[in-house]
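Asker: Model the following, please.
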Amino acid sequence: DILIEDGVLQLALVMFDSAVALAPTYPAGRLALGRANYKLKDFPSAIAQFDTSIFYDSTNATGWSLRAIAHSMNDNWPAARRDFEQANQIRTLSREERYRYALCLWATGDLDIAIDEFEKSIQGRGSDYRIYVSWGMAEASRGNLNEARRGLAHAMEIRKPDERLFEALADINA
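Answerer: Prediction:
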């Protein structure tokens, strides 16, 4: 874990591979190896490790959430959504997980539910501009341009406007 945090990903991968070889049915080892693969942007390998971890402990919400995130990075939104929903049955999703779950809902066409989830993820996280941008663009998708502008304006108050924010605002105004 320290190697991952220090960015020494290849060595972390070797260490986790060795740990998994010693204890192949230990779910936490599989999660760690999956996280290392995820950091290396090897999403299929990460998913395979998360699959194995879930196989050995289907009640580990972290395994379900990490696999959901890896699926979303592969644009497999339906699989990511199912995994987040499974994790949420085990324990309440964190705000970050809820935000990512809302992205999955939006991507799979459940716009109203996605907006509700964006709004839930905003609660207590007023400083995360990404949520306001996503929420605003989701509102724009359902034609609610005033709410969309309000979300983007709030994002601009939180963070110095960048190209993505201006582009999103231009899309709404167009």
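Asker: Who are the contact partners of the residue positioned nearest the centre of the chain?
Answerer: Centroid-nearest residue in the chain: residue 100, 3.8 Å away (criterion: CA atoms, centre = their mean). Shown in contact with residue 100 (CB atoms under 8 Å, 6 or more residues apart in numbering): 68-69, 72, 80, 84. For glycine as for every other residue, the C-beta is placed from the backbone atoms N, C-alpha and C.
Asker: Turn these into a markdown table, columns for secondary structure.
Answerer: Shown next, in a markdown table, are the contacts of residue 100 (DSSP: H, G, I helix; E, B strand; the rest coil):
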| residue | secondary structure |
| --- | --- |
| 68 | helix |
| 69 | helix |
| 72 | helix |
| 80 | helix |
| 84 | helix |
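Asker: Return the alpha-carbon coordinates of the lowest-mean-pLDDT helix or strand in the chain using CSV.
Answerer: Least confident element among the helices and strands of the chain, by mean pLDDT, DSSP states H and E: helix 2-5 (a mean of 77). These are the backbone C-alpha positions of helix 2-5, laid out as CSV (Å, rounded to 0.1, in the frame of the first residue of the first chain):
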residue,chain,number,x,y,z
ILE,A,2,2.8,2.4,0.8
LEU,A,3,4.4,1.6,-2.6
ILE,A,4,1.1,2.5,-4.3
GLU,A,5,0.9,5.8,-2.5
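Asker: Start and end of stretch 14-32, how far apart?
Answerer: End-to-end distance for stretch 14-32, by CA to CA, to the nearest Å: 11 Å.
Asker: ok, which stretches of this structure are helices?
Answerer: Counting by DSSP state H, residue ranges of the helices within the chain are 2-5, 9-22, 27-39, 43-56, 61-73, 77-90, 95-107, 111-122, 129-141, 145-158, 163-173.
Asker: Restricting to C-alpha, output the last one in CSV.
Answerer: Spelled out, it's helix 163-173. What follows is helix 163-173 as a C-alpha-only set of coordinates in CSV (Å, rounded to 0.1, in the frame of the first residue of the first chain):
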residue,chain,number,x,y,z
GLU,A,163,-11.8,24.8,-20.2
ARG,A,164,-14.2,22.1,-19.2
LEU,A,165,-16.4,24.5,-17.2
PHE,A,166,-16.5,27.0,-20.0
GLU,A,167,-17.3,24.3,-22.5
ALA,A,168,-20.1,23.0,-20.3
LEU,A,169,-21.5,26.5,-19.9
ALA,A,170,-21.2,27.1,-23.7
ASP,A,171,-23.1,23.8,-24.4
ILE,A,172,-25.9,24.9,-22.1
ASN,A,173,-26.2,28.4,-23.5
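Asker: Does anything pack onto it? Which helices or strands?
Answerer: helix 129-141, helix 145-158 (3 or more CB pairs under 8 Å, 6 or more residues apart in numbering; DSSP states H and E).
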